[in-house]
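K.L.:
what follows is a predicted structure for the sequence shown.
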Amino acid sequence: MLKVKTIAALVAAPVLFSATANAASYVTFAAGEAFPRNVHLDGTLSGSGNQIDVNLKNGEQLSVAVGYEMPQMQLWGTSPRVEFEYSYRDFNVDTISSTLVTSVTGAGGNIDVSTFLVNAYADIDMLPLPWVKPYVGIGLGAGFVKPSISYSDGTDTTNISDSKTVLASQLVGGVAYDFNKQIAFFADVRYLYTSKFKSDVQVAGTSVGTVKDNISAASVNLGVKYTF
C-alpha cells in the first residue's frame, strides 16, 4: 500500500508543479464610460409617501485590479482566473422631479459609487487565434454610494446626502488581445447592480425623512493587463 501511495505521489507531483509554474499574477487598469439607470428615490417625507426622480448623466468609470490566472486548470476549453478589483464611477445630476414641490429649479450635484469586488473569470481559448481571448466573469463585493444632490422650489433648498455601504455585484463580458507574453489589451462591457441605499432628505436645513433606491449601470471599458 505504501508503494502504491508513493508511486501516486510521484505521478501527481509533476502535474501540481506544472500548474503552479504556469500560474501567474497580473494587474489591470481600465477606463470607460458608464451609462446609469435613473434613480427613483422613494420614501416617507413630511409624513407622506413621496418620490424624487433623479435623471443622471453618463459618467466616467475607472478601475484597477490585481489577479491570479490559472491556465492549467482548464475546463471545457476555458481557463479560470480570480481578481480583486476597485472601481469608481461618478454620475452628475441632469434633471430632477419631485412630488414634494410643483416645480424644480437649480438641480445639481452628483452620485459617487465606489466598489470593491472579487471577480471570477473564465478565459475562452480560441485555438485558431491563440492571442485572442474572449472572457466572461462575475463579481461580488461591497459598494459605497455617496449622493450629494440639491434642488430648489424657488423658496427652499432640498439637499439629499449621505454615504452608505451596499452589496454590489457585476457581470462582465469582453475580449483580450495578447500583445506579447506580458502585455495584453482588452475591451469589455460591465453591468453593475447594488442593493438599495438610504439617504437623508433635508428641506431648508431640516430633516423631513429618508428615501432609498439602488444603483445600476452598464459600462464600456478599454484597458491594459500586465502579467508578472
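P.N.:
Now that the structure is in, tell me what you want to look at.

K.L.:
where do the strands of this structure begin and end?
P.N.:
Using DSSP state E, the strands of the chain run over residues 24-36, 39-45, 48-56, 59-69, 78-98, 105-124, 132-152, 157-161, 164-178, 183-194, 197-203, 206-213, 216-227.

K.L.:
any chance of these in CSV, plus mean pLDDT?
P.N.:
Formatted as CSV, the strands of the chain follow (pLDDT from 0 to 100):
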stretch, mean pLDDT
strand 24-36, 97
strand 39-45, 91
strand 48-56, 91
strand 59-69, 97
strand 78-98, 95
strand 105-124, 95
strand 132-152, 96
strand 157-161, 93
strand 164-178, 97
strand 183-194, 98
strand 197-203, 93
strand 206-213, 92
strand 216-227, 98
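
K.L.:
dump the ones you listed into a markdown table; add mean neighbour count as well.
P.N.:
From N, CA and C alone the C-beta is placed, and that goes for glycine too. Supplementary listing: those in a markdown table, determined by neighbours: other Cβ atoms under 10 Å:
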| stretch | mean neighbour count |
| --- | --- |
| strand 24-36 | 17 |
| strand 39-45 | 19 |
| strand 48-56 | 17 |
| strand 59-69 | 17 |
| strand 78-98 | 18 |
| strand 105-124 | 17 |
| strand 132-152 | 18 |
| strand 157-161 | 18 |
| strand 164-178 | 17 |
| strand 183-194 | 17 |
| strand 197-203 | 20 |
| strand 206-213 | 17 |
| strand 216-227 | 17 |
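
K.L.:
contacts for stretch 36-49 next, please.
P.N.:
Stretch 36-49 is contacted by residues 50-56, 58-59, 89, 91, 100, 111, 160, 198-199, 201, 203, 208-213, 215-217 when judged by Cβ atoms under 8 Å, 6 or more residues apart in numbering.
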